[in-house]
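Engineer: Got a sequence here, can you build the structure:
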Amino acid sequence: MRVHFIAIGGSAMHNLAIALHKKGFTVTGSDDVLFEPSISRLNKYGLLPAENGWYPEKITPGIDAVILGMHARIDNPELLKAQELGIKIYSYPEYIYEQSKNKLRVVIGGSHGKTTITSMILHVLQAAGKDFDYLVGAQLEGFETMVRLTNEAPVIVIEGDEYLASPIDRRPKFHLYKANIAVISGIAWDHINVFPTFQNYTDQFKIFIETIQPGGKLIYCKTDTVLSDIVTSDTSEITKEPYVLPDYSIENDLTTLLYAGKKYPLQVFGEHNLLNMEAARLVCASLDIKPEDFYNYITTFKGAARRLELVGKNANSAIFKDFAHSPSKLLATMHAVKAQFPGRKLIACIELHTFSSLNKDFLSQYSGTMDEADIAIVFIDKKTFEQKKMEPYPAETVKAAFSKNNLLFFNDPKLLLNKLETVKMTDTNLLMMSSGNFGGIDLIDLKNKIL
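Structural biologist: Here you go, the predicted structure:
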């Protein structure tokens with residue numbers, strides 16, 4: 001098979017390119033801009049484009065399929081050439097399905113926790129010696145790439161994003177996988193630039209449930225009332241299996257899970273992670289992993305990259321970074337740190353970086369989300385407004401939206417760094433939350449200075 005990637009540098013795209021290369025496909029690709037780690041990974045396998053840019057001459061009749069990344073535009077010259085030649089064009093979720101039609105497909109959906117639940121499942125299946133394929137949205141310890149596709153593996157575990165599949169396919173990605181076993185971790189409005197109303201957003205999860213194959217299974221968080229109402233009203237011919245928070249305890253800054261009279265000390269913490277763990281346990285049970293084996297394996301799970309990831313610590317302080325950017329994720333992450341370390345103050349910093357979080361009409365969704373912080377900081381890099389062609393707004397607008405008068409606001413990374421370098425860290429934790437990079441602030445360097 002000859003496959004060409006338009007916008008090969010994307011996170012999922014370059015990992016899929018590598019996976020197909022390993023499978024024996026002839027893979028080519030283009031992109032107008034590439035960043036690390038895509039550059040190094042593609043170069044390692046001889047897949048790095050010789051030059052950045054779009055080259056329609058690369059699109060020839062001998063290509064069997066073109067995979068179109070979300071970064072490309074609808075007038076992309078390579079896309080137009082492929083359409084002219086009548087070459088089959090796929091989004092990457094379409095092609096993942098194409099490569100897994102004969103496998104048992106486990107799809108993890110939800111507004112939050114997708115990466116963590118998927119990572120937990122992969123960790124346990126690997127520990128149990130199972131053969132499986134996967135697609136996950138973060139780099140995981142013990143896994144070279146974020147995508148694996150083989151002919152042999154009977155199961156594929158897929159992180160199912162609700163964002164759009166491609167510039168020419170406006171369906172959410174998780175609608176395309178046709179799950180046999182599905183998970184929904186919860187529903188909290190996101191991607192306002194694509195789903196302008198909450199109803200429009202929740203409808204995507206109703207459709208996702210309808211795509212579960214007949215005789216399949218839905219595993220869902222019972223404590224999410226919006227989700228529970230949707231599941232209750234659904235009439236699909238599938239099994240519906242709810243999960244709730246498991247029994248646990250927190251002692252000496254350590255979370256221990258309690259099951260069948262035994263204690264399982266964990267390396268992760270937070271009620272949201274414990275809920276994620278229950279979702280993963282039920283998936284693994286469907287794949288013939290016994291509960292006691294699951295809990296034994298999960299004690300060595302250290303978390304996915306940037307999901308409450310420990311940057312550094314000393315005897316009485318710690319710095320964490322987290323991918324949290326939506327209101328629900330912000331609440332859950334902050335509550336987890338406060339509950340795990342009740343004797344410590346919390347300095348919490350959120351970077352508003354996505355289209356949704358920066359949308360002035362959406363800002364009010366953050367009201368009260370930073371109330372647990374002893375010092376609350378919101379950062380918006382002024383360059384982000386310019387890059388996204390959005391109208392900037394003043395600190396007063398942000399403070400009013402968060403309903404927190406003593407909230408600190410920065411739009412210059414140098415000023416934010418100056419503030420962070422002067423904070424007193426005695427009996428204090430620092431939580432840095434963003435889907436961006438805080439304007440290039442080096443968190444390791446910051447850790448070395450303040451801990």
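
Engineer: farthest residue from the center of this structure?
Structural biologist: residue 61 (36.2 Å; Cα atoms, centre = their mean).

Engineer: From residue 4, how far off is it?
Structural biologist: 12 Å (Cβ to Cβ, to the nearest Å). Using the backbone N, CA and C atoms, a C-beta is placed for each residue, glycine as well.

Engineer: just residue 14 next, same as before
Structural biologist: In terms of Cβ to Cβ, residue 14 sits 13 Å off from residue 4.

Engineer: again, but for residue 349
Structural biologist: For residue 349 relative to residue 4 (Cβ to Cβ), the value is 42 Å.

Engineer: hmm, back to that, my guess is the residue farthest from the centre of the chain meets residue 85, correct?
Structural biologist: Yes - if you go by Cβ atoms under 8 Å, residue 61 and residue 85 touch, sitting 5.8 Å apart.

Engineer: Figure out how far stretch 355-364 is from the centre of its chain.
Structural biologist: Relative to the centre of its chain, stretch 355-364 is centred 19 Å away, using Cα atoms, centre = their mean, to the nearest Å.

Engineer: for stretch 209-223, that is, sorry about that
Structural biologist: Relative to its parent chain, stretch 209-223 has a centroid offset of 20 Å by Cα atoms, centre = their mean.

Engineer: quick check: mean pLDDT across that stretch?
Structural biologist: For stretch 209-223, mean pLDDT is 97.

Engineer: and if you look at stretch 261-272?
Structural biologist: For stretch 261-272, mean pLDDT is 96.

Engineer: Quick check: buried residues in that stretch?
Structural biologist: Using 16 or more other Cβ atoms under 10 Å as the test for burial, stretch 261-272 gives 264, 266, 268-272.

Engineer: same deal with stretch 103-118?
Structural biologist: In stretch 103-118, residues buried by neighbour count (16+ other Cβ under 10 Å) are 103-118.

Engineer: C-terminal to the host helix or strand of residue 201, what's the next element?
Structural biologist: For residue 201, the host element (DSSP states H and E) is helix 198-211. Later in the chain than helix 198-211, the nearest helix or strand by DSSP H and E is strand 217-221.

Engineer: so what's residue 190 up against?
Structural biologist: Contact analysis of residue 190 by Cβ atoms under 8 Å, 6 or more residues apart in numbering lists 111, 162, 201, 326, 356.

Engineer: In the sheet, which residues pair with residue 104? Tell me.
Structural biologist: Beta bridges link residue 104 to residue 155 when assigned by DSSP bridges.

Engineer: got the buried residues for the helix holding residue 201?
Structural biologist: 201-202, 204-205, 208-209, 211.

Engineer: what packs against that helix?
Structural biologist: Packed against helix 198-211, as judged by 3 or more Cβ pairs under 8 Å, 6 or more residues apart in numbering; DSSP states H and E, are the following elements: strand 169-172, strand 181-184, helix 225-233.

Engineer: mind redoing it with 7 Å?
Structural biologist: helix 225-233 (3 or more Cβ pairs under 7 Å, 6 or more residues apart in numbering; DSSP states H and E).

Engineer: Output the contacting helices and strands for the helix it packs on.
Structural biologist: Here helix 225-233 touches helix 198-211, strand 217-221, going by 3+ Cβ pairs under 7 Å, 6+ apart.

Engineer: Now do the longest one and strand 217-221, the angle between them.
Structural biologist: Between helix 198-211 and strand 217-221, the angle comes out at 150 degrees (axes from the mean of the first three to the mean of the last three Cα atoms, to 10 degrees).

Engineer: Between helix 225-233 and helix 198-211, find me the angle.
Structural biologist: 40 degrees.

Engineer: how near is residue 207 to residue 354?
Structural biologist: With Cβ to Cβ as the criterion, residue 207 and residue 354 are 23 Å apart.

Engineer: Dead centre of the protein: give me the residue that sits there.
Structural biologist: By Cα atoms, centre = their mean, the chain has its centre lying nearest to residue 115, at 4.6 Å.

Engineer: residue contacts, that residue?
Structural biologist: Residue 115 sits next to 136-138, 159, 304, 307 when contact means Cβ atoms under 7 Å, 6 or more residues apart in numbering.

Engineer: Most widely separated two among those?
Structural biologist: Pairwise distances across these (Cβ to Cβ) peak at 12.3 Å, for the pair 159 and 307.

Engineer: In terms of neighbours, single out the busier of these two.
Structural biologist: residue 159 (26 against 23; other Cβ atoms under 10 Å).

Engineer: How about the more buried one: what's its closest non-neighbour residue?
Structural biologist: Nearest residue to residue 159, sequence neighbours excluded (Cβ to Cβ, 6 or more residues apart in numbering): residue 118, at 4.4 Å.

Engineer: give the contact list for residue 49.
Structural biologist: By Cβ under 7 Å, 6+ apart, the contact list for residue 49 reads 8, 29-31.

Engineer: repeat for residue 441
Structural biologist: Neighbours of residue 441 in contact, by Cβ under 7 Å, 6+ apart: 413, 416-417.

Engineer: Recalculate using a threshold of 8 Å.
Structural biologist: Neighbouring residues of residue 441 by Cβ under 8 Å, 6+ apart: 413, 416-417, 420.
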